[in-house]
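Participant: structure, please.
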Amino acid sequence: MKRIIKSMGLALASLASVGMLASCGGNASAWEEDDYSEHVKIVYMTTGNPPTNNATKEMLEKLNEILTEKVNAELEISYVPWTNYQTVYNLRLSKMDGSVDLVGTASDWLDAWNNSKNGAFSSIPEDMLKKYAPQTYAQVPAEHWEMCKYNDEIYLIPEDAYTQWVNHGFMYRMDWAKEAGLADGVHSWEDLTTYFTYVKNNKPGVIPWDSSGQGSTYHAEGYIQSKSDFVVLDGINNYQMFGVRRSNLNKVYCPLLEGNELIDYARLMKKWDDLGVWKANVLNNTSSDNREEFYDGLTSVDQHHTQTWYTTVRSEMAKRQPGSDVNFFWFGEESGNLTEMVITHGAMAISEASKHKARALAVYDLLRNDEECYKLFNYGIEGKQYVINAEGLRETPEGYDSNKDAIVTDFWWGRNDAFELKYKDSKGAWDKFEEICEIYDKVKIPYPYGQIVWDVEEIQTQLNNISDVFSTYMGPICYGKTYNGKNTDELVKEFRDQLKNAGIDDVIVALQKQLDEFNASEGK
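Facilitator: Model prediction:
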């Protein structure tokens, strides 16, 4: 499949320098055959805060013994801390100084296509993949390699051998839901309102949802997904405002601009605010740790990924709040509206400036597919970071202290079910994982436009203005507050008027043109 649309996504000013440096060649080196005769260091760059203990260093010492034996290389990790991570990430790549080889990336949240277009990432010749990453090459289906191409050349290696669900929803206590008369649990936003009302009236000292207004507004998108067939288009702006409908995949629209879903949502949030679902100062609330409060029985929901529910929260709540039986109300459940995550949500790239491209591929192939390397890099040293219990599950050993013993590799770009399911974490609710996967498999659709890389250069000014409007209005709308003295309906109208003033109609026209061109090229 031919990729015809270029992307700037959320183009940062730093990306212009990436393109300029790449076009001048920087310190880039060509792909060359490698006989492994020279010992080299491969630097892997990932997002995440660096470790504060020596456990990762100790693990790397053992890993590097294996890498040296197998491909005469050692691995070093370069971290991009979460504070202002996107700018720092792109600036590091823009230096083109050969200090990075493997780069963790993503097409929907980490500028993968921007960096491919602008020359920070190297295209990866197929013959090199076959020779230096043979296990990975064989594992990734041909159609997935097609989705990793820009201008008909492979730039990304997808994390497509790992089952994960990062769609959002509310984790809630089934014991309290039953007390509220919801014998089958929470399966709609109306059920959730009933649940919150019960908690507010019957659980003294419990805040139904101690949300931070400084955090995400995912629940707005979640409501719209639940009450419509909205499908988000990735890579246009951070706020996931633009999309298509499952019933009409060929027409771009913005549900914040049209339809009744936002109006109904805003009215419900006003109802929640009047009920006291969150603190009165929610928009300025930066001190709450909702998850810890959930564990402590001080709030009744936690809003996050499906995966967070079955791998972490459910089992922890079983320990901290016995009998809580935490279940999951997923966004889109009412309408059966679920889109599979694009396979390049996590991916590995090779820096164009890398002096050891072939060796970097060989190291990645081992990290992803060699059992001994995989276990070390993802789980740590057996006996120190983990043990295998009598049930065959992976758990922390007696005396384990995460402050002293935890490793940090943030390898979200090559996980593999072959090992994840063989060495399941004992904290995971794997029965619930199987149940939810079965439910999701019945309703999910593939992300329809993984091949499109949106070109937003000519509408970037409008997108910036739209983002400013979103930041101003969506906080008050999401938490039932007033702004400029407007009531709920007036506030939604003013928000929509401001979106139009910011140029949202121009953006939709430009995106529609690109979608039409893509569909025409595919014979759709």
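Participant: which stretches of the stretch 1-150 of the chain form helices?
Facilitator: Using DSSP state H, counting those that start in this stretch, the helices found in the stretch 1-150 of the chain span residues 13-23, 55-71, 85-94, 112-117, 126-132, 134-139, 142-146.
Participant: what's the closest non-adjacent residue to Gln135?
Facilitator: Nearest non-adjacent residue to Gln135, counting by C-beta to C-beta, 6 or more residues apart in numbering: Asn369, 4.0 Å away. (C-beta placed from N, C-alpha, C; glycine too.)
Participant: hmm, Gln139 and the one you found touching each other?
Facilitator: Yes: using C-beta atoms under 8 Å, Asn369 is in contact with Gln139, at 7.3 Å.
Participant: quick one: which of the two has more around it?
Facilitator: Taking other C-beta atoms under 10 Å, Asn369 and Gln139 do not tie; Asn369 has more neighbours (20 against 16).
Participant: what residues are up against the more buried one?
Facilitator: Listed by C-beta atoms under 8 Å, 6 or more residues apart in numbering, the contact set of Asn369 reads 135-136, 139, 416, 418.
Participant: let me know the closest of those to Tyr295.
Facilitator: Distances from Tyr295 to these, taken as C-beta to C-beta, are shortest for Asn416 (30.3 Å).
Participant: do you know how far that closest one is from Asp210?
Facilitator: Distance, Asn416 to Asp210, using C-beta to C-beta, to the nearest Å: 37 Å.
Participant: so the two - more neighbours on which side?
Facilitator: Asp210 (24 against 21).
Participant: that older thread, which of the helices of the stretch 1-150 of the chain is buried the deepest?
Facilitator: helix 112-117 (a mean of 27; mean count of other C-beta atoms under 10 Å).
Participant: can you report the mean pLDDT over the residues of that helix?
Facilitator: What helix 112-117 shows for mean pLDDT is 88.
Participant: same check, this time on stretch 366-376
Facilitator: In this model, stretch 366-376 has an average pLDDT of 98.
Participant: what does stretch 169-183 give?
Facilitator: Stretch 169-183 shows a mean pLDDT of 98.
Participant: could you do stretch 381-395 as well?
Facilitator: In the prediction, stretch 381-395 has an average pLDDT of 95.
Participant: could you list the paired strands of the stretch of helix or strand Ala349 belongs to along with their orientation?
Facilitator: Secondary structure from DSSP states H and E places Ala349 in strand 347-350. Sheet pairing of strand 347-350 (DSSP bridges) gives strand 102-105 (antiparallel), strand 157-158 (antiparallel).
Participant: could you dump the ones you listed to JSON lines with distance to Thr286, mean pLDDT and mean neighbour count?
Facilitator: Formatted as JSON lines, those follow (distance: least, C-beta to C-beta, whole Å; pLDDT from 0 to 100; neighbours: other C-beta atoms under 10 Å):
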{"stretch": "strand 102-105", "distance to Thr286": "28", "mean pLDDT": "98", "mean neighbour count": "28"}
{"stretch": "strand 157-158", "distance to Thr286": "36", "mean pLDDT": "98", "mean neighbour count": "26"}
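Participant: dump those to TSV, plus distance to Asp274.
Facilitator: Converted to TSV, the strands paired with strand 347-350 look like this (distance: least, C-beta to C-beta, whole Å):
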stretch	distance to Asp274
strand 102-105	44
strand 157-158	46
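Participant: between those, which gets nearest to Gly205?
Facilitator: When these are compared by C-beta to C-beta, strand 102-105 sits nearest Gly205, at 42.1 Å.
Participant: who touches that closest one?
Facilitator: For strand 102-105, using C-beta under 8 Å, 6+ apart, the contacting residues are 42-47, 93, 110-112, 115, 121, 156, 346-351, 360, 363-364, 410-413.
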